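**Q** Could you work out the structure for the sequence below:
(one chain, ligands or ions: 2)
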Amino acid sequence: MTSPMFDRIALIGIGLIGSSLAQVIRQEGLAGHISVSTRSEATLARAEELGLGDSYALDAAEAVDGADLVILCVPVGAYESVAKWIQPVLKPGAILTDAGSTKGSVVEAVMPHVPKGVHFIPGHPIAGTEQSGPDAGFPALFQNRWCILTPVEGTDPLALEKLSAFWRACGSDVDTMEPDHHDRVLAIVSHLPHIIAYNIVGTADDLETVTKSEVIKYSASGFRDFTRLAASDPTMWRDVCLNNKEAILEMLSRFSEDLASLQRAIRWGDGDKLFDLFTRTRGVRRSIIEAGQETDAPDFGRIKTEPQSRS
Ligand SMILES: NC(=O)C1=CN([C@@H]2O[C@H](COP(=O)(O)OP(=O)(O)OC[C@H]3O[C@@H](n4cnc5c(N)ncnc54)[C@H](O)[C@@H]3O)[C@@H](O)[C@H]2O)C=CC1
Ligand SMILES: O=C(O)C(=O)Cc1ccc(O)cc1
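**A** Ligands and ions are numbered 1, 2, ... in the order given. I've put the predicted structure just below:
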């Protein structure tokens, strides 16, 4: 038998991402030991019932002690306090990474607490669902998805290669980029779509002329897609908004300008303008499908790959 890639992997936070990682790490034999920590007793007990780890601790420092790979899988707003707490037990030579949806703020929050000799390499799997908690995890989550690593100045190339190999073993393709560039790209492709979804579903929910039962009864598939995104975890998305403020505000302001132009085209009956935009955006969708990143029948595709909702 070949030896595992890491002797001991610590997962801090065991929701959708931590649970999915635990399952793929186990499936692919990537760790000799998986230690799991989360702050709530109930979640830790559930993780244990699901058999996600080999040891369980409410104290993150206990889980991190002796680990050669530590992955933070908590909402990004909790990073600074977790980093401070685990600092004394981080082992020299260990790799410290994360799965957070923002990267500039993560570098800012964690970097000051990384002891010398520990390799800190922020990361972000571009893979997820609207579900949260340990029951939502599944081992194929990272399959054929991107994982972006944002190495910091002086990152050891060997540690970077080892972490890249880990993500490839989880099924992902790996790219590297600067944290600030990551934050601008993700602001437009992930953060704005969620904010728009929260907003449109909130607007529909507020409408007094349309009853709530009509919103549910007549929701077409476009609106349903928005409600899926708008059902995403409130803590996680609050933290994303607060921790990628500048890039999100920049993209929101471009979005508002473009929306105003669309509004004008509708007001003035500028059919050519509408047609040109809708033709261009249809092309974007087709390019994504051609690149093999989406099925043309998203609902059918999802049923096969995503777990059922938790009751
Ligand atoms: N949900 C998604 O689709 C994706 C999420 N991410 C990122 O991954 C991270 C985890 O997200 P999910 O697994 O979806 O969240 P989740 O809500 O499913 O799980 C979060 C876990 O962190 C624990 N936790 C929260 N605060 C904590 C603290 N202060 N100390 C210790 N544990 C704490 C919770 O008890 C829970 O176990 C976030 O940073 C998120 O931005 C990245 C890619 C996709
Ligand atoms: O559920 C969806 O459609 C997502 O967009 C999942 C997702 C959420 C947050 C991330 O940082 C990455 C992926």
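
**Q** which residues in the stretch 51-200 of the chain form helices?
**A** 60-64, 79-86, 104-110, 157-169, 179-186, 192-206 (DSSP state H, counting those that start in this stretch).

**Q** so, in contact with ligand 2 or not, stretch 64-77?
**A** No - between stretch 64-77 and ligand 2, judged by C-beta under 6 Å from any ligand atom, nothing touches; the nearest distance is 9.7 Å. For every residue, glycine as well, the C-beta is placed using N, CA and C.

**Q** Report the buried residues of that stretch.
**A** 64-65, 67-77 (16 or more other C-beta atoms under 10 Å).

**Q** before we move on, what about stretch 166-185?
**A** Quick answer for stretch 166-185 (16+ other C-beta under 10 Å): 166-167, 169-172, 174, 177, 179, 182-185.

**Q** Give me the distance between the two termini of that stretch.
**A** Stretch 166-185 has an end-to-end distance of 24 Å (C-alpha to C-alpha, to the nearest Å).

**Q** Tell me which residues are up against that stretch.
**A** 5-6, 21, 24-25, 28, 30, 69, 102-104, 106-107, 122-125, 127, 140, 142-152, 160, 164, 244, 246-247, 250-251 (C-beta atoms under 8 Å, 6 or more residues apart in numbering).

**Q** Quick one: mean pLDDT for it?
**A** With pLDDT averaged residue by residue, stretch 166-185 scores 98.

**Q** do that stretch and ligand 1 meet?
**A** No - figure legend: stretch 166-185 not in contact with ligand 1 (C-beta under 6 Å from any ligand atom); closest approach 11.4 Å.

**Q** Return the distance of that stretch from the chain's centre.
**A** 11 Å (C-alpha atoms, centre = their mean, to the nearest Å).

**Q** what's Met5 in contact with, if anything?
**A** 30-31, 162, 165-166, 169.

**Q** now Ala247, nearest residue through space, not along the chain?
**A** Ala187 (3.8 Å; C-beta to C-beta, 6 or more residues apart in numbering).

**Q** between the one helix or strand Cys241 maps to and helix 179-186, how big is the angle?
**A** With secondary structure defined by DSSP states H and E, Cys241 is part of helix 234-243. Regarding helix 234-243 and helix 179-186, their directions subtend 120 degrees when assessed with axes from the mean of the first three to the mean of the last three C-alpha atoms, to 10 degrees.

**Q** Show residues contacting helix 234-243.
**A** Residues contacting helix 234-243 (C-beta under 8 Å, 6+ apart): 75-78, 101-102, 105-106, 132, 191, 194-195, 198, 248.

**Q** List only buried entries from those residues.
**A** In the contacts of helix 234-243, the ones that pass as buried (16+ other C-beta under 10 Å) are 75-78, 101-102, 105-106, 132, 191, 194-195, 198, 248.

**Q** filter the residues you listed by proximity to ligand 1?
**A** Among the buried ones among the contacts of helix 234-243, ligand 1 is touched by 75-76, 78, 101, 132 when using C-beta under 6 Å from any ligand atom.

**Q** Got the domain ranges for the protein?
**A** 6-177, 181-290 (automatic domain parsing).

**Q** if we can go back for a sec, relative to Ile288, which of the helices of the stretch 51-200 of the chain is closest?
**A** Proximity to Ile288 (C-beta to C-beta) singles out helix 192-206 among the helices of the stretch 51-200 of the chain, at 13.2 Å.

**Q** Off-centre distance for the closest one?
**A** Taking the mean of its C-alpha atoms, helix 192-206 sits 19 Å from the chain's own mean (C-alpha atoms, centre = their mean).

**Q** and the two most separated of the buried ones among the contacts of helix 234-243?
**A** Largest pairwise distance in the buried ones among the contacts of helix 234-243, by C-beta to C-beta, is 22.3 Å, between Val106 and Tyr198.

**Q** Mind listing what's buried along the host helix or strand of Leu259?
**A** Per DSSP H and E, Leu259 falls inside helix 245-267. Neighbour-count burial for helix 245-267, with 16+ other C-beta under 10 Å as criterion, is recorded at 247-248, 251-252, 265.

**Q** Same check on stretch 134-141?
**A** 134-141.

**Q** Apart from its neighbours in sequence, what residue is nearest Ser3?
**A** Gly32 (7.7 Å).

**Q** Just give me the neighbour total for the one you found.
**A** 14 (other C-beta atoms under 10 Å).

**Q** what's the helix or strand for it?
**A** Going by DSSP H and E, Gly32 is part of strand 31-37.

**Q** name the helices or strands packed onto that strand?
**A** Here strand 31-37 touches strand 6-12, helix 16-28, helix 41-49, strand 55-57, helix 60-64, going by 3 or more C-beta pairs under 8 Å, 6 or more residues apart in numbering; DSSP states H and E.
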